[in-house]
Structure formats: structure tokens, C-alpha cells
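>>> model the following, please.
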Amino acid sequence: MEAEIRNKPSFANLRLQLARGDRLIAEADAMASMSAAIEIKTRWNGGFAKAVLKRVFGGESLFVNEFSTDSEGELVLTQPFPGDIECIELKGNTLFLQPGAFLACEPGVKLGLGWAGWRSFIAREGLFRLKVSGSGHVWFGAYGGIFTREIGEEYIVDSGHLVAYEPSIRIRIGMAGGVFTSFFSGEGLVTRVGGPGRIYMQSRSFGGLAAWANSHLY
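I've put the predicted structure just below:
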């Protein structure tokens, strides 16, 4: 399977060239176009119970689509918002994705849920995060550009900008500064991460977009 991420970073889309026997699992409604030779099958996202949990707590769809072909063909996937797409290859390791970030993966990758905690919920990051593990390539998206950072000592990320992180990363939610600074600086709650490990961040946040739009409605 050949894969290419095009039109980075603002309007990224994933172009895949499938050969005979190749299979790909993708988020529902991610397909933008495909060759007539490609077959699509829809199934529960890990069974009915797990699918409901991923939908309610992980921000993912109830269903996933499986693409395959008996010959060869082109498949183009995209995400519902403008932004970047990143690819990582799992080799028996694990990565946590924030709700809504997952786009597609190879069949050797397992999708599960991991507990994020009540503090994450208060920070509008959700009670759970999507857990991807196993072997194979994973593609995930973000609103805006994606950039990474290797974390050693504590590092502060504005809530809504954290997209993915390795299991070794420790996360806690706190105020940006004192009470006055936190409430009147516009920063509010922030995510404090500790390493060692790698995190993936997005250059824009949906919360920031919503606040900007609301300020221009009145």
C-alpha cells in the first residue's frame, strides 16, 4: 500500500494506492473519492458495546469502513475540518489520541479506550481518549498544523491544542497562573505534561474558533 499526505498543512488529505489484498480501516464519512475497483464494507467500531462507548466517550463514530480490492485502486480520505494529517507506524507500542483525531489505520492496529480522568473532562478534553496499539500505520488529523515536542521536564499546553501523546506522558490539568491571571488572561485551564515522551499538538483549537466566532455575532 502506497500512502501520500497531500496539501499539508491547511487542507491535508490522504491518498492511498491499494494493491490486491490490501485492507484499510477508516473513520466513517472519511472517504472523499475512490476507484470503482475498491470495495467498501461498514461494521461496528469494535462491536456494538465498544462502538457505543467510543462514540459517547471517545468522540468517534459508531461505525468504521473497511476498504479492500481484488486488483488495485486509488482511495482518498479527508477529515471534516481544515487542518493537517500525521502518520505514525506502530511496532507493538501504543499512542493515545484525543477525541475526533483518528482518521485511518491498517488492520494490525487495535482501537480501544483509555481513561483520561475527571480533570481532563473539566478542561473540555473528554473523560476518555482513544487508544491505538499493535502493529501498522495510523493516520490522525488536527485542526491547523501538527507539530511535535519531546517532553522531559514539565511543559504547558493550552487546553484544546493537545492531539496525541505517548503512554509515558503524565498529564494533569491546572490553572495557567494565579486565580486573577487564569481568569482574566484568557488562558483559563491549561494542560501540564511531563515526560519522558513525545506529544503532538495542533496549531489551532476549536474552542478558540468558537470564542472568536461568538465575539463577532453580536
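>>> let me see the backbone angles for the spatially most central residue of the chain.
In the chain, the residue lying closest to the centroid (Cα atoms, centre = their mean) is Ala101, at 1.8 Å. Backbone geometry at Ala101, expressed as degrees, to the nearest 10, gives phi -80, psi -30.
>>> may I have the residues that are in contact with it?
Contacts for Ala101 (Cβ atoms under 8 Å, 6 or more residues apart in numbering) come out as 130, 140-142, 163-164. To be clear about C-beta, it is placed using only N, CA and C from the backbone, and glycine gets the same treatment.
>>> now with 7 Å, please.
140-142, 163-164 (Cβ atoms under 7 Å, 6 or more residues apart in numbering).
>>> of all the residues you listed, which two lie farthest apart?
Largest separation among the contacts of Ala101 by Cβ to Cβ: Gly141 and Ala164, giving 10.3 Å.
>>> more neighbours: which of these two?
Each of Gly141 and Ala164 has its neighbours counted (other Cβ atoms under 10 Å); Gly141 has more, 29 against 26.
>>> can I assume that one is in contact with Ile85?
Yes: using Cβ atoms under 7 Å, Gly141 is in contact with Ile85, at 4.8 Å.
>>> need the residues touching each of those two.
Leu103.
>>> for the protein, give me the ranges with low pLDDT.
44-62, 115-128, 175-188, 206, 208-212, 215, 218 (pLDDT under 70).
>>> what segments of it are helices?
For the chain, helices defined by DSSP state H occupy the ranges 48-58, 118-122, 179-184, 206-215.
>>> any chance of JSON lines for the contacts of Ala101, columns distance to Leu217?
JSON lines is the format used below for the contacts of Ala101 (distance: Cβ to Cβ, whole Å):
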{"residue": "Phe140", "distance to Leu217": "31"}
{"residue": "Gly141", "distance to Leu217": "27"}
{"residue": "Ala142", "distance to Leu217": "26"}
{"residue": "Val163", "distance to Leu217": "28"}
{"residue": "Ala164", "distance to Leu217": "32"}
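>>> nearest to Gly114, of these?
Nearest to Gly114, judged by Cβ to Cβ, of those is Ala164 at 11.9 Å.
>>> for that closest one, name its beta-bridge partners.
Taking DSSP bridges as the rule, Ala164 bridges to Leu97, Tyr200.
>>> how about the contacts made by it?
Ala164 sits next to 95-98, 101, 140, 200 when contact means Cβ under 7 Å, 6+ apart.
>>> against Glu72, how distant is it?
Distance, Ala164 to Glu72, using Cβ to Cβ, to the nearest Å: 31 Å.
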